[in-house]
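A.B. asks: what's the 3D shape of this:
(one chain, ligands or ions: 2)
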Amino acid sequence: MRVTVLGYQSPYPGPGGATPGYLIETNEVKLLVDCGSGVLSQLGVYLPIYELDALLLSHYHHDHVADVGVLQYGLMVHQLFGQRPADQPLPIYAPALQKQQTKTLTYRNATRFFPVEEQSQLAIGDVHVSFLRTDHGDGDPCYAMRLVANGKTIVYGADSGPGTNWRGFADRADLFICEGTYLDHNRPAKPNGHLSVRQAAELAQAHDCRSLLVTHLFHGYEESEVLGQAEAFVAGPVYAARIGLQIEL
Ligand SMILES: [Zn+2]
Ligand SMILES: [Zn+2]
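C.D. replies: Numbers count the residues shown, from 1 in each chain. Ligands and ions are numbered 1, 2, ... in the order given. Down below sits the predicted model:
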């Protein structure tokens, strides 16, 4: 499996930046996980957008879904141009919700919405995906994802505060993509559905993960500061997210 960071910033993209989006490629499929602001322009650096096989969305906050609409327009035009079969909508797997956001995920023949719940299990090509609800936000679900292919495991923690009950979900992941929204100096006294970089590192270490990608960072953070505060993770390599970072597993 190969992970490419297309966007990692939050809550908004800095100059030339992008909010969360990750390209995950296996022998058989190309998956986009989250589709934040600026992600589509980064995706095009690596492949024509019409080659995507599926989009998985962790939740509906703007920093994770902002580019879905332009992805739909793009796919519609590529179908018109004959570069993607007109009867082959891109599946979008996203949390089931009785709200307007889900209604826009099916768009003409370009995309089709498939609701996901915590107990859902997906097989997309050679990738198996399972889900865990995280401690995040306003009552609507946010799902972490465990993706397994070719004997390797990536856990994407999505947005997840310290109240998340991981129940072994991240155990022994070859790569844990974990949010580290805060640094020591701006971490709020009361948890609000996010982790600090320090907490992300402690979590990855506690779950025996083999490598850690700290993400969901404010665009002004210094990489050296992020890596410094991830000192609790000593089991393997630690990466601070940046656009274009690729990790091979
Ligand atoms: Zn969020
Ligand atoms: Zn977010």
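A.B. asks: List phi and psi for the nearest residue to residue 113 once chain neighbours are set aside.
C.D. replies: Leaving aside its chain neighbours, residue 113 sits nearest to residue 105 (3.6 Å; criterion: C-beta to C-beta, 6 or more residues apart in numbering). Where C-beta positions appear, they are placed from N, C-alpha and C, glycine not excepted. Main-chain dihedrals, residue 105, degrees, to the nearest 10: phi -80, psi -20.
A.B. asks: right, and residue 105 touches residue 115 too?
C.D. replies: No. Counting by C-beta atoms under 8 Å, residue 105 sits too far from residue 115 to count as a contact (9.1 Å).
A.B. asks: More neighbours: these two, which one.
C.D. replies: residue 105 (21 against 13; other C-beta atoms under 10 Å).
A.B. asks: Other residues contacting the top helix by length along the chain?
C.D. replies: For the chain, the longest helix by residue count, based on DSSP state H, is helix 68-80. Helix 68-80 has contacts (C-beta atoms under 8 Å, 6 or more residues apart in numbering) with 35, 40, 48-50, 55, 57, 84-86, 89-90, 92, 104-105, 107-111.
A.B. asks: quick one: the residue nearest to residue 113 and residue 55, what's the gap?
C.D. replies: Residue 105 sits at a distance of 9 Å from residue 55 (criterion: C-beta to C-beta, to the nearest Å).
A.B. asks: overlap in contacts of those two?
C.D. replies: Counting by C-beta under 8 Å, 6+ apart, the residues touching both residue 105 and residue 55 are 68, 92, 111.
A.B. asks: closest to ligand 1 among those?
C.D. replies: Among those, residue 68 lies closest to ligand 1 (C-beta to the ion), at 14.7 Å.
A.B. asks: Helices along this structure, start to end?
C.D. replies: So, for the chain - with DSSP H - the helices run 39-46, 62-65, 68-80, 100-103, 197-206, 223-229.
A.B. asks: could these go into a markdown table alongside mean pLDDT, distance to residue 179 and mean neighbour count?
C.D. replies: Formatted as a markdown table, those follow (pLDDT from 0 to 100; distance: least, C-beta to C-beta, whole Å; neighbours: other C-beta atoms under 10 Å):
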| stretch | mean pLDDT | distance to residue 179 | mean neighbour count |
| --- | --- | --- | --- |
| helix 39-46 | 98 | 16 | 19 |
| helix 62-65 | 98 | 11 | 22 |
| helix 68-80 | 98 | 20 | 18 |
| helix 100-103 | 87 | 21 | 13 |
| helix 197-206 | 98 | 6 | 23 |
| helix 223-229 | 98 | 12 | 16 |
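A.B. asks: Pull out the buried positions in stretch 10-25.
C.D. replies: 10, 12, 13, 17, 18, 19, 20, 21, 22, 23, 24, 25 (16 or more other C-beta atoms under 10 Å).
A.B. asks: Which secondary structure element of this protein has the lowest mean pLDDT?
C.D. replies: Within the chain, no helix or strand scores below helix 100-103, which has a mean of 87 by mean pLDDT, DSSP states H and E.
A.B. asks: That one and ligand 1, are they touching?
C.D. replies: No. Judged by C-beta under 5 Å from the ion, helix 100-103 stays clear of ligand 1, getting no closer than 12.8 Å.
A.B. asks: what about the closest residue to residue 126 other than its chain neighbours, neighbour count?
C.D. replies: In this structure, residue 126 finds its nearest non-sequential neighbour in residue 28, 4.3 Å apart by C-beta to C-beta, 6+ apart. Other residues within reach of residue 28, judged by other C-beta under 10 Å, total 12.
A.B. asks: Surely residue 130 touches residue 145?
C.D. replies: Yes. Assessed by C-beta under 8 Å, residue 130 is found in contact with residue 145 at 7.4 Å.
A.B. asks: more crowded one of those two?
C.D. replies: The neighbour comparison of residue 130 against residue 145 (other C-beta under 10 Å) goes to residue 145, with 25 against 17.
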